[in-house]
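model the following, please.
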Amino acid sequence: SLLDLIQDENYYIRGDGTFVHCFSEESLKSFFESTGCFECLSVMTHDKEIENRKKQLAMKRHWVQAVFRYLGVTGDLKDPKDFAGGAGGKSTHVCEWEPTNKADSMMQGMFDQPQTTLQDHITISPDFAAVSVVSIHKEHLHSQGSTGTMLWEGSVALARLIASSSDQFSGKKVIDLGCGCSPLSAVALTKAKADSIVITDGSPAAIEMLRENVQANMKQFAELSSVQLAALSWDEDEDIHRAIGMTGDSKGFDIVVASDVLYIEDAIPLLFRTAARLLKDAPSSFFVICYTPRRAIEQKVFAAAQEANLDVVDAERQTLREAFEQQNAHGPLRMLQFEPKAQNN
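Numbering: from 1, shown residues only. A predicted model of the protein is given here:
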């Protein structure tokens, strides 16, 4: 049993024979600082859900990430206060660290370098200019608190879908749930002449990058000045009511859109409850998602939709299906469209 494999509180042997030691933030900090050679600058835990596509498994993982400053200690430190220096603020224990070889230089570079950002220029329609998007490189996926600071394929597909089906969005009140740092849907919706556009995310870091990306594209797309940004955590009453209030219509939105938001299973019911609460109860209202299939998730999606009183729109009635399939004929992306159950009564 698992209990038999545990060697102590934080150390055990996994089923494949590998040895594992689990760190807490405090223990990791203590291990380094107890040597007298390091000072902890920051420490945090990142919660991620990793997928095994071959086995179609979702695995929850927790990484402790810390940044330490090497103090270059030359003698034995008996008291941590010695880090600050002795009499007159001068310490005989701490010296400057200079890279002595290629490996040390590389290590120094790793800690000196900021997170890698990318600037992409995305064409979502041949009818207007490319959109500039600054995002965090995906090499930082496991050290980021939010995946919303990265640009995902689903957001590009959604924007292109909107741009090629502008008649479906013209004059409508539209909200994008979990758009992250991407202004692509906002640009497409302004070009489609949507009546009211609200773009949202639950991550402060993603919202800040989104705001900067919208601002950076104002020169090319002056219509972005009418787009409203909002922090929205799914199924949070205050956030939902505030978003609806932005439309000037207490009945809600005509259309809810989202992209690549189905990767965390526990969040799927929250997503659908939020979409259902934001949508108007009207025959023309719908919720559309463009996403990259990362595992067999659809059955859980359909169950969450049913619980939120949303029905999957039949393929022959999906007004966006033809345009989506033309754009993604050979790609892995998928689209799902839902509508309020009440309209079928």
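
how much space separates the closest residue to H46 other than its chain neighbours from I199?
Nearest residue to H46 in three dimensions, chain neighbours excluded: W63, at 4.7 Å (Cβ to Cβ, 6 or more residues apart in numbering). In this view, the C-beta of every residue, glycine as well, is placed from N, C-alpha and C. Distance of W63 to I199, computed by Cβ to Cβ, to the nearest Å: 29 Å.

okay, those two: which has more neighbours?
Each of W63 and I199 has its neighbours counted (other Cβ atoms under 10 Å); I199 has more, 28 against 12.

my guess is the more buried one meets A186, correct?
Yes: contact criterion Cβ atoms under 8 Å: I199 and A186 qualify, at 5.1 Å.

what residues are shared contacts of the two?
Jointly contacting I199 and A186 under the rule Cβ atoms under 8 Å, 6 or more residues apart in numbering are D176, C179, V214, V227.

low pLDDT regions in the stretch 201-345 of the chain?
Where the stretch 201-345 of the chain drops to pLDDT under 70, the residues are 295, 329-330, 342-345.

now the helices for it?
204-216, 237-245, 268-278, 298-307, 321-327 (DSSP state H, counting those that start in this stretch).

what helices or strands is the second one leaning on?
Packing contacts for helix 237-245, counted by 3 or more Cβ pairs under 8 Å, 6 or more residues apart in numbering; DSSP states H and E, involve strand 228-231, helix 268-278.

export the ones you listed to CSV and tack on mean neighbour count?
Output for those, formatted as CSV (neighbours: other Cβ atoms under 10 Å):
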stretch, mean neighbour count
strand 228-231, 16
helix 268-278, 22
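
dump the ones you listed into a markdown table; add distance to D120 as well.
Formatted as a markdown table, those follow (distance: least, Cβ to Cβ, whole Å):
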| stretch | distance to D120 |
| --- | --- |
| strand 228-231 | 20 |
| helix 268-278 | 26 |
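
what's opposite the closest residue in space to A216 that isn't next to it in sequence in the beta bridge?
Once flanking residues are discounted, A216 sits nearest to S132: 5.5 Å by Cβ to Cβ, 6+ apart. Counting by DSSP bridges, S132 is bridged to H121.

S132: neighbour count?
Neighbours of S132 using other Cβ under 10 Å come to 15.

mind listing the strands for the protein?
Remark: strands assigned in the chain by DSSP state E are 6-8, 11-13, 19-21, 38-52, 57-70, 117-122, 131-136, 173-177, 196-201, 228-231, 255-259, 286-291, 310-312, 334-340.

CA-only coordinates of the fifth one in CSV, if you can.
Taking C-alpha atoms only, strand 57-70 is exported to CSV below (Å, rounded to 0.1, in the frame of the first residue of the first chain):
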residue,chain,number,x,y,z
LEU,A,57,-5.4,11.1,-18.0
ALA,A,58,-5.5,14.4,-16.1
MET,A,59,-2.9,14.7,-13.3
LYS,A,60,-2.8,17.4,-10.7
ARG,A,61,0.7,18.6,-9.9
HIS,A,62,2.0,21.2,-7.4
TRP,A,63,5.4,22.9,-8.0
VAL,A,64,7.3,24.9,-5.4
GLN,A,65,9.3,27.6,-7.2
ALA,A,66,11.8,29.8,-5.4
VAL,A,67,14.5,32.3,-6.3
PHE,A,68,17.6,32.5,-4.1
ARG,A,69,20.5,35.0,-4.1
TYR,A,70,23.9,33.4,-3.7
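
now do it: which elements does it pack against?
helix 25-33, strand 38-52.

ranking the ones you listed by mean pLDDT, which is last?
Lowest mean pLDDT of the helices and strands packed on strand 57-70: strand 38-52, a mean of 79.

what are the buried residues along that strand?
Buried residues in strand 38-52, counting neighbours by 16 or more other Cβ atoms under 10 Å, are found at F38, E39, V43, K48.

follow-up on the earlier one: and the helices and strands packed on strand 57-70: which comes nearest T247?
Evaluated with Cβ to Cβ, the helices and strands packed on strand 57-70 place strand 38-52 nearest to T247, the distance being 32.6 Å.

follow-up on the earlier one: now for the buried residues of strand 38-52: which two are most distant?
E39 and K48 (27.3 Å).

my read: G252 touches I244, true?
Yes: using Cβ under 8 Å, G252 is in contact with I244, at 5.3 Å.
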